[in-house]
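K.L.:
build the 3D model from these lines:
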Amino acid sequence: MSLSVSLGSIRLPNPILVASGTFGYAREAARLSDLSRLGGLVPKTTTVVARPGNKPPRTVETTAGLLNAIGLDNDGIDDFVEKKLPYLRSLGCPIIASVAAKTPDDCKIFGERLNDARGLTAVELNVSCPNVSGGVDYGIDPKLCELMTRELRANLKLPFSVKLSPNVARIADVAKAAEAGGADMITAINTLYGLSIDWRNRKPRLGVGCGGYSGPAIKPVALRCVWQIGRAVKIPVVGVGGVSSVEDVFEFLVAGASAVQIGTANFYKPTIAIDIIDALPVEMEKAGIQDLSEIIGTLEL
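P.N.:
Predicted coordinates for the structure are as follows:
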């Protein structure tokens with residue numbers, strides 16, 4: 001029975017990754033689980049220069065999910081490479097750096113700093129953060145997405161994924177643009193744009209008003225996006241959005257994802273990724289599956 005999956009030229013030990021922005025730099029979770037067993041770890045998104053993030057409150061719980069407006073709070077790419085990455089690579093699992101470029105010129109800097117950084121398996125280009133000014137510009141316009149992707153491809157030696165926004169009319173068109181620009185894979189999806197209101201005070205509950213909505217409620221949207229993207233491109237798709245059980249994982253694989261990322265569920269159950277990895281072979285045996293590749297993209301309509 002094989003749990004390993006391929007993402008283009010990358011071979012992961014299993015399809016379970018933890019999503020950027022939900023696992024920090026793994027120091028807290030490392031006390032609770034053996035993180036070397038993860039299929040991959042995507043740490044917090046980094047930008048070229050440090051960002052303080054948005055004013056609080058930055059998170060609001062809702063009935064079936066989480067609304068956040070962190071604002072890409074991070075210490076910049078130099079700090080990531082020099083201070084965060086040495087610890088991350090000591091964990092023993094594949095590390096996929098998450099980066100967000102403000103302009104195409106930032107891609108040259110990412111290439112310079114990440115090409116020779118030890119311990120990276122791949123990179124994820126975040127063109128879909130709804131919580132910063134201009135954060136989704138390159139993820140909602142296919143031409144701009146292709147432009148940014150081409151610039152990163154020209155400067156980066158590592159394989160990379162482009163993380164897309166669901167806040168578009170035709171996500172498959174944006175995915176095809178990323179593929180045309182040289183992306184090795186697609187990550188879908190980032191958060192939906194949402195608003196929570198304190199009606200008594202006539203104020204939004206987030207400090208900046210709107211934010212990114214994640215959690216169990218967005219899984220049907222994420223599944224739809226993965227299915228549409230999988231039919232439109234030839235590169236692998238990584239599914240993310242509402243994953244909180246082994247059943248969810250199989251749904252994403254059947255929809256067309258080659259791997260999944262667990263996001264919001266990490267907050268209320270930090271061991272969930274390892275729990276799902278333990279459950280995978282049990283469910284595979286029940287279903288008579290020897291290799292996960294047997295079910296990837298097998299949805300029938």
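K.L.:
ok, now which ones touch T149?
P.N.:
The contact partners of T149, taken as C-beta atoms under 8 Å, 6 or more residues apart in numbering, are 125, 162, 177-178, 180-183. Backbone N, C-alpha and C define where each C-beta goes, glycine included.
K.L.:
those into CSV, with extra columns for secondary structure?
P.N.:
Converted to CSV, these look like this (DSSP: H, G, I helix; E, B strand; the rest coil):
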residue, secondary structure
L125, strand
V162, strand
A177, helix
A178, helix
A180, helix
G181, coil
G182, coil
A183, coil
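K.L.:
of those, grab the buried ones for ChimeraX.
P.N.:
Here is the ChimeraX command that selects the buried residues among the contacts of T149 (16 or more other C-beta atoms under 10 Å):
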select :125,162,177,178,181,182,183
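K.L.:
show me the two of the contacts of T149 that sit farthest apart.
P.N.:
The span of those, defined through C-beta to C-beta, is set by L125 and A180 at 14.4 Å.
K.L.:
ok, back up a step: and of the contacts of T149, the nearest to Y193?
P.N.:
Ranked by distance to Y193 (C-beta to C-beta), those are led by V162 at 18.7 Å.
K.L.:
not counting its neighbours along the chain, what's nearest that closest one?
P.N.:
Among residues not flanking V162 along the chain, A178 sits closest, at 4.0 Å (C-beta to C-beta, 6 or more residues apart in numbering).
K.L.:
okay, and L147 sits in which element?
P.N.:
In the assignment (DSSP states H and E), L147 maps to helix 142-155.
K.L.:
buried sites along that helix?
P.N.:
Here helix 142-155 shows 142, 144-146, 148-153, 155 as buried, counting by 16+ other C-beta under 10 Å.
K.L.:
ok, stretch 283-301 next?
P.N.:
Neighbour-count burial for stretch 283-301, counted by 16+ other C-beta under 10 Å, picks out 284, 289, 292, 296-297, 299.
K.L.:
let me see the mean pLDDT of stretch 139-153.
P.N.:
Averaging pLDDT along stretch 139-153 gives 95.
K.L.:
and it, how far out from the chain's middle?
P.N.:
Relative to the mean C-alpha coordinate of its chain, stretch 139-153 is positioned 17 Å out (C-alpha atoms, centre = their mean, to the nearest Å).
K.L.:
ok, now stretch 94-107?
P.N.:
Counting by C-alpha atoms, centre = their mean, stretch 94-107 is centred 13 Å from the centre of its parent chain.
K.L.:
measure that stretch end to end?
P.N.:
End-to-end distance of stretch 94-107 (C-alpha to C-alpha, to the nearest Å): 22 Å.
K.L.:
quick one: the strands in the stretch 51-200 of the chain?
P.N.:
Under the criterion DSSP state E, counting those that start in this stretch, the stretch 51-200 of the chain carries strands at the ranges 59-62, 65-68, 96-99, 122-126, 160-164, 185-188, 192-195, 197-198.
K.L.:
in CSV, list those along with distance to C225.
P.N.:
Formatted as CSV, the strands of the stretch 51-200 of the chain follow (distance: least, C-beta to C-beta, whole Å):
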stretch, distance to C225
strand 59-62, 20
strand 65-68, 16
strand 96-99, 19
strand 122-126, 16
strand 160-164, 8
strand 185-188, 5
strand 192-195, 11
strand 197-198, 27
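K.L.:
ok, back up a step: and which of the buried residues of helix 142-155 is nearest to I235?
P.N.:
For these, the closest approach to I235 (C-beta to C-beta) belongs to T149, at 11.3 Å.
K.L.:
could you find the closest non-adjacent residue to that closest one?
P.N.:
Distances taken as C-beta to C-beta, 6+ apart put G181 closest to T149, at 2.8 Å, once the chain neighbours are dropped.
K.L.:
quick one: the one you found from S128, how far?
P.N.:
Distance of G181 to S128, computed by C-beta to C-beta, to the nearest Å: 15 Å.
K.L.:
quick one on the thing from earlier: L88: which of the strands of the stretch 51-200 of the chain is closest?
P.N.:
For the strands of the stretch 51-200 of the chain, proximity to L88 was assessed by C-beta to C-beta; strand 96-99 is nearest, at 8.8 Å.
K.L.:
list the helices and strands the closest one packs on?
P.N.:
With contacts taken as 3 or more C-beta pairs under 8 Å, 6 or more residues apart in numbering; DSSP states H and E, strand 96-99 sits against helix 106-114, strand 122-126.
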